[in-house]
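Peer 1: Below are the sequence and a predicted model; questions follow.
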Amino acid sequence: MNPDYSLIVSQQRAFFNSNATKPVAFRVQQLRKLKVTLQANEQALMEAIDSDFKKSEFDTYTNELMLVYSDINEAIRNVKKWTRKKRTRTNLINFPAKSYVIPEPLGVSLIIGAWNYPYQLSFAPMVAAIAAGCTVILKPSELPAATSKIMAKIMSETFPQEYIAVVEGSVAETTALLEQKFDTIFFTGSVPVGRIVYQAAAKQLTPVTLELGGKSPAFVTENCNLNMSVKRLVWAKFLNAGQTCIAPDYVLVHQSVKHAFLDALTEEIRQSDFKIENGNYVQIINERNGERLAALLGQNTIHFGGTYNRETRYFEPTVLADSSFDDSIMQEEIFGPILPVIAYNDLSEAIRNVKERPKPLSCYIFTSDSQIKQRILSEVSFGGGAVNDAIMHVSNSHLPFGGVGESGIGSYHGIAGFNAFSHYKSILDKSTWFELNLKYSPHSLKKLNFIKKVLR
């Protein structure tokens with residue numbers, strides 16, 4: 001039997017309807033409280049995530065907490081500006097009047113976090129919801145159990161349940177939450193689960209933001225800076241042991257530089273010394289995902305790596321040479337430290353192969369040719385990405401982050417996050433000192449001709 005969360009939702013709706021969350025001063029106060037709380041509990045957060053999948057303090061701070069702190073700081077600096085009504089032009093037919101839009105919080109929000117970056121992908125959307133003036137029910141992923149537990153503990157000690165509540169649990173709890181009526185739902189996770197969330201939201205006509213995934217390509221052209229391209233690619237691909245939604249999923253490398261690319265790739269991986277014990281690497285989240293990744297290797301040509309230790313959940317950084325779009329590993333998002341390399345001679349064919357598949361969350365272009373860069377940017381549809389880098393676009397809060405097509409709906413970070421949890425009311429504010437008699441009865445040909453002349 002599924003639990004009943006109607007009480008929490010009704011408490012939050014009552015609190016929201018009291019207008020307590022709407023003043024800017026209240027929002028800023030809560031954002032500061034969140035930051036102070038996270039900073040005070042940093043050590044406990046570090047220990048929890050280490051116990052879940054051996055993530056180092058360095059990676060936890062730089063990949064997770066630092067980004068959350070940055071989001072909080074930006075929201076505190078800008079929320080007053082974001083909440084102001086915004087003047088727009090008024091057309092002649094409505095003279096005399098002024099027009100503007102007023103941002104208002106959507107209301108009670110459900111945020112469903114992901115396991116791969118459990119702090120960043122839970123707290124970053126929460127920051128946006130707080131800045132927008134919403135209440136929050138957070139459902140962290142159950143896979144990293146210790147991080148879920150510490151988030152629930154910290155948030156319950158800091159905020160009242162009618163404002164921010166954390167619900168722990170698995171499929172049953174998530175299903176029960178999705179049966180409730182929310183004003184907006186924010187989900188980060190896989191495409192299959194995203195479909196389930198979307199269908200549940202549709203029954204209630206609830207707006208959603210879906211941050212999903214997909215097979216993100218990296219183009220390596222014949223005229224790129226090969227050493228720098230490889231250095232940045234290796235870091236991006238094997239960060240978090242490849243368990244990153246915007247990691248380069250596969251590489252399309254020009255045939256003329258393929259061998260040099262593979263040699264440089266191997267050397268860079270060796271120099272990076274990806275080991276769990278030295279803090280440069282993490283475990284695969286659980287045995288099931290480790291076994292899934294091992295099965296994906298199949299009969300592919302392993303250029304480097306390929307070792308998986310089931311006991312320690314250590315999956316060696318792995319490069320597959322001579323891959324093709326027909327391989328089984330190219331039929332699903334890898335979400336692990338396996339990098340297929342596909343050679344191409346014709347850029348048009350490479351682009352066509354990417355376009356024939358679902359639109360990716362990210363795309364990366366490593367080239368020194370501005371024409372190639374512009375061609376890929378204009379022809380390939382994707383959520384966001386980078387030129388001569390990978391993953392780092394997510395660190396710029398001035399860039400909206402989100403997918404397109406099957407890789408997601410909506411975006412967040414910075415003002416985009418504020419917008420995701422807001423509705424903009426459009427207002428025509430009419431003066432009473434003057435009124436043209438054109439729209440009122442009796443209608444006449446003279447009036448119609450005048451209207452046509454004005455609007456021509």
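Peer 2: Looks like it came in fine.

Peer 1: residues in contact with stretch 259-273?
Peer 2: 220, 226-227, 230-231, 233-235, 238, 251, 253, 280, 303-305, 317, 319, 321, 339, 341 (CB atoms under 8 Å, 6 or more residues apart in numbering). To be clear about C-beta, it is placed using only N, CA and C from the backbone, and glycine gets the same treatment.

Peer 1: Can you tell me which of these are buried?
Peer 2: Neighbour counting over these (16 or more other CB atoms under 10 Å) leaves 220, 226, 230-231, 233-234, 238, 251, 253, 303-305, 317, 319, 321, 339, 341 as the buried ones.

Peer 1: so of the residues you listed, which ones are in strands?
Peer 2: Of the buried ones among the contacts of stretch 259-273, the ones assigned to strands by DSSP state E are 220, 251, 253, 303-304, 319, 321, 339, 341.

Peer 1: Just put these in a markdown table and tack on pLDDT.
Peer 2: Converted to a markdown table, these look like this (pLDDT from 0 to 100):
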| residue | pLDDT |
| --- | --- |
| Val220 | 98 |
| Val251 | 98 |
| Val253 | 98 |
| His303 | 95 |
| Phe304 | 96 |
| Val319 | 97 |
| Ala321 | 93 |
| Leu339 | 98 |
| Val341 | 97 |
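
Peer 1: wait, which of these is closest to Lys55?
Peer 2: The closest of these to Lys55 turns out to be Leu339 (CB to CB; 20.7 Å).

Peer 1: Which strand residues bridge the closest one?
Peer 2: Note on Leu339: beta-bridge partners Val319, judged by DSSP bridges.

Peer 1: Quick check: it vs Val253, distance?
Peer 2: Noted for Leu339: a distance of 11 Å to Val253, by CB to CB, to the nearest Å.

Peer 1: In terms of helices and strands, where is Ala129?
Peer 2: Here Ala129 sits within helix 120-132, counting by DSSP states H and E.

Peer 1: For Phe123, give its distance to Gln39.
Peer 2: Using CB to CB, Phe123 is found at 12 Å from Gln39.

Peer 1: out of those two, which sits in the more crowded spot?
Peer 2: Comparing Phe123 with Gln39 by other CB atoms under 10 Å, the one with more neighbours is Phe123, at 28 against 11.

Peer 1: Contacts only, for the more buried one.
Peer 2: With contact taken as CB under 8 Å, 6+ apart, Phe123 is in contact with 34, 38, 68, 71.

Peer 1: Separate out the buried members of those.
Peer 2: Applying 16+ other CB under 10 Å to these flags 34, 38, 68, 71 as buried.

Peer 1: The residues you listed in helices, which ones?
Peer 2: Among the buried ones among the contacts of Phe123, the residues falling in helices (DSSP state H) are 34, 38, 68, 71.

Peer 1: Spatially nearest residue to the last one (excluding sequence neighbours)?
Peer 2: Across the structure, with CB to CB, 6 or more residues apart in numbering as the measure, the residue nearest Asp71 apart from its sequence neighbours is Val127 (4.6 Å).

Peer 1: can you check Met46 too?
Peer 2: Distances taken as CB to CB, 6+ apart place Glu57 nearest to Met46, at 5.0 Å, with adjacent residues excluded.

Peer 1: Let me see the contact set for the one you found.
Peer 2: Applying CB under 8 Å, 6+ apart, the residues contacting Glu57 are 46, 50, 279.

Peer 1: Show me which of the residues you listed are buried.
Peer 2: Among these, those classed as buried by 16+ other CB under 10 Å are 46, 50.

Peer 1: Just the contacts of Glu57: which are in helices?
Peer 2: Per DSSP H, the contacts of Glu57 map to helices at 46, 50.

Peer 1: just curious, which of the contacts of Glu57 is nearest to Gly169?
Peer 2: Distance to Gly169 across the contacts of Glu57 (CB to CB) is lowest for Asp50, with 22.8 Å.

Peer 1: who touches that closest one in this structure?
Peer 2: 56-57, 60.

Peer 1: Tell me how far it lies from Gln29.
Peer 2: Taken as CB to CB, the span from Asp50 to Gln29 is 32 Å.

Peer 1: Excluding covalently adjacent residues, which one is nearest to Tyr119?
Peer 2: Leaving aside its sequence neighbours, Tyr119 sits nearest to Glu64 (CB to CB, 6+ apart; 4.3 Å).

Peer 1: residue boundaries of the strands in the stretch 201-350 of the chain?
Peer 2: 208-211, 217-220, 250-254, 301-304, 308-309, 314-315, 318-321, 338-344 (DSSP state E, counting those that start in this stretch).

Peer 1: In terms of secondary structure, what does the longest one contact?
Peer 2: It refers to strand 338-344. Where contact means 3 or more CB pairs under 8 Å, 6 or more residues apart in numbering; DSSP states H and E, strand 338-344 is packed against strand 250-254, helix 258-272, helix 287-297, strand 318-321.

Peer 1: out of those, which comes closest to Ser141?
Peer 2: Nearest to Ser141, of all those, is helix 287-297, at 12.4 Å by CB to CB.

Peer 1: could I get the helices and strands packed on strand 338-344 as CSV with distance to Val171?
Peer 2: Below are these laid out as CSV (distance: least, CB to CB, whole Å):
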stretch, distance to Val171
strand 250-254, 30
helix 258-272, 37
helix 287-297, 14
strand 318-321, 31
